[in-house]
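**Q** Take a look and give me a structure for this.
(2 chains)
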Protein chains: 2
Amino acid sequence: MLEQRKRMMRRKRSVAERGMVSAAVVRRLPRYHRFLGDLLRKNELRISSARLSLLMGVTASQIRQDLNCFGGFGQQGYGYNVRYLYEQIGELLGVSEGYRAVIVGAGNLGRALVSSHMFERRGVVRTAMFDTDENVIGRTFGGIPVYNVAGLEEYVRAAHIDIGVLTTPKDAAEGEARRLAAAGIKGIWNFSNQELTLPDYPDIIIENMHMGDSLMMLLYAIKEKEDGR
Amino acid sequence: MLEQRKRMMRRKRSVAERGMVSAAVVRRLPRYHRFLGDLLRKNELRISSARLSLLMGVTASQIRQDLNCFGGFGQQGYGYNVRYLYEQIGELLGVSEGYRAVIVGAGNLGRALVSSHMFERRGVVRTAMFDTDENVIGRTFGGIPVYNVAGLEEYVRAAHIDIGVLTTPKDAAEGEARRLAAAGIKGIWNFSNQELTLPDYPDIIIENMHMGDSLMMLLYAIKEKEDGR
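**A** Sure thing, here's the model as predicted:
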């Protein structure tokens, strides 16, 4: 058992160190992480590639191809070690880094985000929200306080914040993004519908979340179905 | 001018009828639609591929390749007709179909969605929200009333609803999805974090919106940058 654990540890290091996971696999990993997390919460600690295949709607061969480089599988027919795979994938994706986030914009979307399990499940600590609205400043949502956005830069610097989640109206997005950038943020998760680019800050990662694009793909698929294409 | 309009109309029909747009282009179209909409709102009615390229951060040659099948471009150097392209792309994507939507779940996320411009910009009419919470039923958000979810199926049938937007907790998602499906919905936009499959209803389009996956891609990119890979 100890031998097996050691072997796993060696595999673990080698995957992370040698960058053995392709970009295409990385893009598929969040979905595996999600399904493995669901299994864990149901106390299912072993799963065969065949059953995972059925659950996720991808071929067992694809699953083996995507996951076997992580190790965590026992003897033939015994299946994957769910917790081990979950942790491995999480580590590769940065879940265990303990990144710290603030949410800029405490409207309905900001409140929905702050109350969701999304952050803690991915190891991200939310520390504060920021808004301009005097009626909201000083309140807490999901245990997270709302501060005046005037103090944003100072807070981000002092509290070593890594991630800014932007849920401001479109017009305010670029200004707040620049303030986060100037204060040394590492990444911005942008819900503002204003596609952000910060050419002065090439090291800052921006993930634009365009919900409207997803809606359009839905409309297109419905229309295509109706047209009988 | 009339001649030009007629020529455009002919082009328009041919793109739609012959299915000349590849799946890869279709996936890029919502982003074009978004940028063209922004230009329209700024009263910019003509744009060169060079300027659109700068704005969107894709090559001018890619833009010509993606958009030239829509027509809507004038003489060399004159640029694209913004409104025409916007309408063309919108029509292809189903924006002008006037689809009708209900939102199931009137929590923070449901309220954020109902108040956003996302739907009306894409031609989708929101008619009602549904919830189980007695404190919320009877209220309105963004002018949209909240009804008791007990009446969901009857309402969907009577009001000819095309789209159900699911913002319920994870545990409730599949049940509400099945009720929407039984009532004849065409598509489900699923925010519940419960990946939906409805094998009994193969004709229903499901667009799963996994915000957490987007967060993970951000975490991964930050970690990769920090590791200096």
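**Q** which residue packs closest to A:Ala177, ignoring adjacent ones?
**A** A:Leu196 (5.3 Å; Cβ to Cβ, 6 or more residues apart in numbering or on different chains). In short, each C-beta sits where N, CA and C put it, glycine included.
**Q** and the one you found, how many neighbours?
**A** The number of residues packed near A:Leu196 is 18, by other Cβ atoms under 10 Å in any protein chain shown.
**Q** packing partners for the top helix by length along chain A?
**A** The single longest helix within chain A, with elements called by DSSP state H, is helix A:23-41. Helix A:23-41 sits against helix A:49-56, helix A:60-67, helix A:82-93, helix B:211-226, with contacts defined as 3 or more Cβ pairs under 8 Å, 6 or more residues apart in numbering or on different chains; DSSP states H and E.
**Q** Any idea what the residue nearest to A:Val149 when sequence neighbours are not counted is bridged to?
**A** Ranked by Cβ to Cβ, 6+ apart and with sequence neighbours excluded, the top spatial neighbour of A:Val149 is A:Phe130, at 4.3 Å. Assessed by DSSP bridges, A:Phe130 has beta-bridge partners A:Val104, A:Tyr147.
**Q** A:Phe130 contacts A:Gly105, doesn't it?
**A** Yes: contact criterion Cβ atoms under 8 Å: A:Phe130 and A:Gly105 qualify, at 7.5 Å.
**Q** follow-up on the earlier one: any chance of the helices and strands packed on helix A:23-41 in JSON lines, plus mean neighbour count, distance to B:Trp189 and mean pLDDT?
**A** Below are the helices and strands packed on helix A:23-41 laid out as JSON lines (neighbours: other Cβ atoms under 10 Å in any protein chain shown; distance: least, Cβ to Cβ, whole Å; pLDDT from 0 to 100):
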{"stretch": "helix A:49-56", "mean neighbour count": "16", "distance to B:Trp189": "21", "mean pLDDT": "91"}
{"stretch": "helix A:60-67", "mean neighbour count": "16", "distance to B:Trp189": "26", "mean pLDDT": "89"}
{"stretch": "helix A:82-93", "mean neighbour count": "22", "distance to B:Trp189": "25", "mean pLDDT": "91"}
{"stretch": "helix B:211-226", "mean neighbour count": "21", "distance to B:Trp189": "13", "mean pLDDT": "92"}
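**Q** right, so of those, which gets closest to A:Ala101?
**A** helix B:211-226 (9.2 Å; Cβ to Cβ).
**Q** gap between the residue nearest to A:Ser48 when sequence neighbours are not counted and chain B?
**A** Closest residue in space to A:Ser48, ignoring its immediate chain neighbours: A:Gly79 at 4.1 Å, by Cβ to Cβ, 6+ apart. For A:Gly79, the distance to chain B equals 21 Å [Cβ to the nearest Cβ, to the nearest Å].
**Q** how would you label A:Ser192: helix, strand or coil?
**A** Using DSSP: H, G, I helix; E, B strand; the rest coil, the structure places A:Ser192 in coil.
**Q** from what I can see it touches A:Leu166, true?
**A** Yes: counting by Cβ under 8 Å, A:Ser192 touches A:Leu166, with 5.0 Å between them.
**Q** and for these two, which residues touch both?
**A** A:105, A:173 (Cβ atoms under 8 Å, 6 or more residues apart in numbering or on different chains).
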